[in-house]
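Asks: My questions are about this predicted structure, shown below with the sequence.
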Amino acid sequence: MQIPFYTQIFVNGVVLSCFYVLVALGLNLIMGVMHIVNFAQGTVYMLSTMFLYLLCVEVGLDYFLAGALSIVATAFLGIVMERLFFRRLYGKFLPSLVMSLGLLVAIEGAVWLRFGIVSRSIPSPLKGMVKIFGASFSFERLGIIIGGLLLIGGLFVFIRHTKAGRAIRAVEQNREAAILYGIEISAISRLVFIVSFGLSGAAAFLVSPMLVVDPNIGHIPLLKGLVVIVLGGMGSVTGTLVGGFIIGFVESIVSSFFDPTIASIASFGILMVILLVKPYGLLAYRM
Amino acid sequence: MHKAIANPTIIVLLIMSLLGLFTTAEAKELEIGVSVCLSGTAAATGLGLMRGLELAVEEINSTGGIKVQNDSYQIKLIVYDNKYDTREGVAVANKLIYRDRVKYIVTMGAGTAVATNDLFVENKILQLIYAYGGKKTTNPSTTYTFKILMEPIQSYTIFLPWIAKKYNLKNIALTSNDDDTGVVQAQDAESVAKKIGLEITEKVLAPRGTADLTPMLTKIIAKNPQAIDFGSWGGSDGPLACKQAKELGYKGLLIFSYTQSIPTWLKVAPDYMDGVLFFGVFGGPPTPNAAKVMERYKEKYKQEFDYFVWRNYDALPVLRKAIETAGTLDTTVVRDTMPKVSINGVFGPTRIGGKSYYGINAQYIYPVAMSKYDGKEKKFIELYRGEVPKNY
Amino acid sequence: MKGKLFLILACVLAVLPAVIQEPYKLHVYIMTCLNICLAASLRVVWNVGLLSCGHAAFMGLGAYTSAILARDLGLTPWLGIPAGGAMAVLISLALGYPALRLTGIYFVLVSFAFNEVFFLIATRWREFTGGPEGIVGIAKLSGLPSGKLAFAYLVSGALLVVLIILYRFEKTRAGRIWEAIRDTELRCRCVGIQTTHYKLFAFGVSSFFAGVVGAIYAHYICYISPTDFNIWQSIYIQMYMIVGGVGAFLGPVLGSAVLTLLTELIRATGPLQSVVYGILLVIVMIFLPGGLISIGSLFGKGYGNRLRIPNTSGHM
C-alpha cells in the first residue's frame, strides 16, 4: 500500500492552511483595527467549541443548528467582553495585554473545573472520504477548505463593499480622522468585537470535528494565529490569507520531511526573518 | 496457696494487665503529601492519580487504617497542584516537607522527582513517584524513592517479541511525543525493537496537542511499515492519530502502548478501533479487586471509569503493608521493608523489584496485558498477559 | 534621598534570611529575589520603549550555558554564571541588531518567536541539551555552606548588587537617552542620536542579568529542562513587571514580590488556583492600569497619578 507522497503533502498543506487562516481571522480584526493585544482570542475559540459541544452532544441538536447558535453566542460574548473589560483599557498597551492574559488563565481554569478528564469529540456531520489524485482526505476536511474560502470571501466583501466595513477600515487607518467624519468609535468597537468573535466561532464550527474538544485547544490558534497575522500584516485580510498559506504549507512540507517540532521552528524562523525584512508584515496597509 | 494470691508481685501484675485492657488503640492521623498536576495538559492524568489515591485512602481508612504497634492511623491527603512544572514542583515539595512536615509524599512528574531527589534523601522522606523517569528517577542514588507504575521498557520487553512473532513483523515505525515522558517511551521502544531485530523505518517525535497529525503520519506511512507503535500518544491525541492514520489509507498494525482513555476513544474514534492493539487493556477487569475499584469509582464520582486509576491504586496499599510489616513509621525502616512485601493488587500479585535494570529495588511490578479491539463484537479481546522475570 | 532607600534595602536583605530561617520560606524568598532580578532587568528594555516577550529565553541561555560548561568542561559555577550572562548578551546582540528596528507589537512578536525557537531547539537538540529530559545533577556552587540559608544570603547580595547597578544605569547619560528614546524616538533621531545603538545597549544589559539569574537558578535547583524557560515563563516575568508598575523603578520589585507570594498563598485552593489568579490580574489591570505602584492614585489626586498610565512610544 503506497500513498502518493507529494500529492498528500499538498492536500495536507491546503487543509492546514485553511485551518490557520480560519483561526487567525478573528485575531487579525481585533488586533489590526482596535490595536488591542488580545491574548484571550484563543480562549474565545475554545469557548465557542465548548458551546458547540454542549449544544450538539449534551443537548442533542443538529450540528448545523448547534453551529449557528454557538456562533451567535460567541458574538454575544464579544459584546459582553468589550463592554466589561476591553473598553476600559483602550489604547493602553500593557494593561490590556496582562488583562487578556488574566482572562485566558481564569476562563481556562473555569472550563477545566466544569469539564474534567475525558477529552471529547463532536461527531462530524459529514462522513466519508474523498480521493483527489490518489491522496485521500475526509469530507470534514473538505468542509474546512470550502467553508474557509467562503468565509474569507464573505469577509472581503464585508470589508470592501459595505458601509460598516468601510467604517472599520477608516478607523483602522486613522482613528482621529474617522471621528472627525462622524464615525462613532464605541459602535465600531462593538462591531469589531462582534465580528471578530463571530469569526472565531465560525472557525470553531468548521474545524471542531477534525480535532478534539478540551480546554487547552485555544493555545495553538493563539500562537500560530499570531504568527500568521503578523506575517501577513496585521489588519489585512489578504495578508492573513497569504500568511496562513505560507505557514500551512511550510509546516506540512517540513513535518512530512522532518518532524513537527522542526516544522514549528521553521514557522517561527520564517516569521522572524520576514519581520526583519518587512517590519510590518508582507501585506501591511492593504486591507 | 493463700500466700500466692496475696503475693505483691502478682497483685502488681494483675493491676497492670487491668490497666492494659483500658488502654484502647487511639485513632491517629498520618498525613501523606500529594504533589500532582491538576491544571494544564497533564491534568487528566493528574486527576486520575488523585482519584486513585482517594479511593485507596477510603479503603484503607475504612478497614482500620494503618496499624502500627497499638495505634491505627487514618490517612489524610494533603494535595497541591504542581502544574507539571519543575519550579512549582520544587516549591510544593519544600512546602510539604518543611511546612506541612509530612514524611510520605506521592509525586507526579519526572522532572520534579529528579530536581527534588536531594531534598528527599537529606530529609529521609519516602517518595512514591508516578512518572516515566527511567533511570533518571530510579537509580542507586534515589534511595527514598519508589516508582509506582511500570515503565515502557518493561511493557515492551514483555509484549514486543510476542507481537513480532505473531504478526510476523520485520519492521516497525515509532512515533511518540517530544516531552520527557514521550522521549523515555520512544527510547525504550527503540531499544527493545533493536534487540529483537526489527528494522525501525522511521522515528518521529511531535509535541502533544499538535493541531494536525496528518503531515507526520504521511511521512511514516509513506515508507509502508508493517506496524506503527504510537509511543506515548494518549489522551485525545491517541484516537485522533488512529483515525487520521486510517483515513490516510494505512492498513497495517496500529499499536498503542500508552495507557489510553477508553471512554475518549469510544467518543472520538469508535469506527476506527477495529484491529488496533492496546497495551494495558485486559479483556475485562483483570481481577476481582479491579472490578471492585471500578464499581467504587463509578459510585463515588458518578462518571465513566478512568482506566488510569487502576495504575495508581496500589501505591498506598503497598505502602500500608510495608509500614505494618515494619511495625514503625520510621521512613528508613519502612523503605528497607518495601522490597520485601507484596500484595494482591489490582492487576494481580504486586511486588517491588527492578534491581537488575535500575540498580536498586524500587520499582512496583505487576502483571500486564495487551488486547485487540474487535470492531464487530465491539469489545476488547485479551491477547496476552505477562510478567517480568522473577529476578528482575 | 534614594541612597538612603538603598541602605534600608540593604539592611532588610541582610537580615531577612536570618529572620526567615524555615527552609520552605527561604525557598520562596530565593525564588522571589530571582524573580525581582528578572522583572527589574526586563524593565531596562521597557525603558527604551520596547516590550520583550523573550526574557525567559535569555534566562535559559544563561542556565544551559553554565550547566553545559559545568558538565562538559568541569567549569566551576562561579565562572559559569558570568559565562552564562555573556552568552545571553551575545545572542541578544545578534538578535537585537536586526530586531530592534521594530516597534511595539512587532517587537513583542519577534521576541515571542525567538523564545519559542529557543524552547523548540532546546527540546529537539537532545544530544547537546538533554532534550525534554533536561540536564540532571548540575554542579552546586562550590565553597558555599550547604543549605538554603547560605544560598539565600548569596541571592540577597546578588539582588542588592543588581538593583544598585540597574538604578545607577538610569542616572547615567545612557539611561537618560534611553528615557528620551522611549518618549520621543523621532526627536532623538533628529538630534543625531544613534537610537539603535542605545537600544542594543539596553537590550544587552537586560539580557546579561537574565542570563546570570538563569545560571544561578541552574546551580540552585541543579536540574533544568526546556519547560523552565518557555513562553509562559516570559509571560510571568512580564506580569511581574506590568502588575508592579513600569512607571517607577520599584514597580517590578513590588510586582514580583506580591505575585510570587500570592502564588504561594493561593496554592492551597487547588484547582481554583488559576481562576483566582486570572481574576485578580483582570481586576488589578482594570482599576490600576499603572500597576500596583500607582496605588496612591486611588486615594486622591496627584500622588501616583503620574504613574497611572504607562507610557508607550510609537504605535502598535
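Replies: Yep, it's here.

Asks: Quick one: low-confidence residue ranges for chain A.
Replies: A:1-3, A:116-119, A:285-287 (pLDDT under 70).

Asks: hey, which helix is longest across it?
Replies: helix A:5-34 (DSSP state H).

Asks: tell me what that helix is packed against?
Replies: In terms of contacts (3 or more CB pairs under 8 Å, 6 or more residues apart in numbering or on different chains; DSSP states H and E), helix A:5-34 is packed against helix A:41-53, strand A:135-138, helix A:139-161, helix A:163-173, helix A:185-207, helix A:219-232, helix A:237-257, helix B:214-222. Placement of C-beta: from N, CA and C, glycine included.

Asks: and that helix, how far from the chain's centre?
Replies: Distance of helix A:5-34 from the chain centroid (CA atoms, centre = their mean, to the nearest Å) equals 8 Å.

Asks: How about stretch C:201-210?
Replies: Worked out by CA atoms, centre = their mean, stretch C:201-210 lies 10 Å from the chain centre.

Asks: Rounded mean pLDDT for it, please.
Replies: For stretch C:201-210, mean pLDDT rounds to 94.

Asks: any idea of the angle the longest helix of chain A forms with helix A:185-207?
Replies: 160 degrees (axes from the mean of the first three to the mean of the last three CA atoms, to 10 degrees).

Asks: and helix A:5-34, which residues are buried?
Replies: For helix A:5-34, burial by neighbour count (16 or more other CB atoms under 10 Å in any protein chain shown) applies to A:5, A:8-34.

Asks: the inter-axis angle of it versus helix A:219-232?
Replies: 80 degrees.

Asks: What's the local residue count around B:A27?
Replies: 12 (other CB atoms under 10 Å in any protein chain shown).

Asks: For it, give the beta-bridge partners.
Replies: Beta-bridge partners of B:A27, counted by DSSP bridges, are B:S72.

Asks: separation between it and B:T331?
Replies: Taking CB to CB, to the nearest Å as the measure, B:A27 falls 22 Å from B:T331.

Asks: Let me see the contact set for A:V59.
Replies: A:A66 (CB atoms under 8 Å, 6 or more residues apart in numbering or on different chains).

Asks: With A:A263 instead?
Replies: Going by CB under 8 Å, 6+ apart, A:A263 touches A:250-252, A:254-255, B:215.

Asks: redo that, cut-off 6 Å
Replies: Contacts here follow CB atoms under 6 Å, 6 or more residues apart in numbering or on different chains; on that basis A:A263 touches A:251, A:254-255.

Asks: Pretty sure it sits in a helix.
Replies: Yes - assessed by DSSP: H, G, I helix; E, B strand; the rest coil, A:A263 belongs to a helix.

Asks: okay, the helix or strand where B:I129 lies in PDB with CA atoms only?
Replies: Element membership for B:I129, per DSSP states H and E: strand B:126-130. Listed next in PDB are the C-alpha coordinates belonging to strand B:126-130 (Å, rounded to 0.1, in the frame of the first residue of the first chain):
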ATOM      1  CA  LEU B 126       9.700   8.400  51.500                       C
ATOM      2  CA  GLN B 127       8.500   9.300  48.000                       C
ATOM      3  CA  LEU B 128       6.200   7.400  45.700                       C
ATOM      4  CA  ILE B 129       6.500   8.700  42.100                       C
ATOM      5  CA  TYR B 130       4.100   8.400  39.300                       C
END
